[in-house]
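[1] Could you look at this predicted model? Sequence included:
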Amino acid sequence: MDSEDALAKVKDVSEDVRETARNMRQKLEEGQPSGQALAFLRDVAREAPLPSLLVAFMLGALLARR
C-alpha cells in the first residue's frame, strides 16, 4: 500500500466518523427538548468548554471531600 492509498483510506474513515458524530448529535438534540437543565448545561459546555471543565472539576472535588 502506498501513501496515496493510505491517505485516501484515512480521509474516508475521517468522513465516516464526522458523519456518524453529526448523526448522533442530531439524534441527541431531537431526543431532548430545549429548556431543560441538561439542555442548558450542554449548550453552556459547547460555548465555553474550559470554564465548564473547571466548574465540573470543582464540583467533583467538593463531592469527593465529603
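    Alright, I've got the coordinates.

[2] Could you check whichever strand or helix holds residue 5 and say which residues are buried?
    Assignment of secondary structure by DSSP states H and E places residue 5 within helix 3-31. Using 16 or more other C-beta atoms under 10 Å as the test for burial, helix 3-31 gives no buried residues. In this view, the C-beta of every residue, glycine as well, is placed from N, C-alpha and C.

[3] Give me the next element, helix or strand, following it.
    Next along the chain after helix 3-31, taking DSSP H and E as the criterion, comes helix 37-47.

[4] angle of that next one against helix 3-31?
    Going by axes from the mean of the first three to the mean of the last three C-alpha atoms, to 10 degrees, helix 37-47 is angled at 140 degrees with respect to helix 3-31.

[5] what about helix 37-47, distance to the chain center?
    Relative to its chain's centre, helix 37-47 lies at 11 Å (C-alpha atoms, centre = their mean, to the nearest Å).

[6] For the lowest-mean-pLDDT helix or strand in the chain, enumerate the helices and strands it packs against.
    Across the helices and strands of the chain, mean confidence by mean pLDDT, DSSP states H and E is lowest for helix 37-47: a mean of 76. Where contact means 3 or more C-beta pairs under 8 Å, 6 or more residues apart in numbering; DSSP states H and E, helix 37-47 is packed against helix 49-65.

[7] same thing but at 10 Å, please
    Helix 37-47 is packed against helix 3-31, helix 49-65, with contacts defined by 3 or more C-beta pairs under 10 Å, 6 or more residues apart in numbering; DSSP states H and E.
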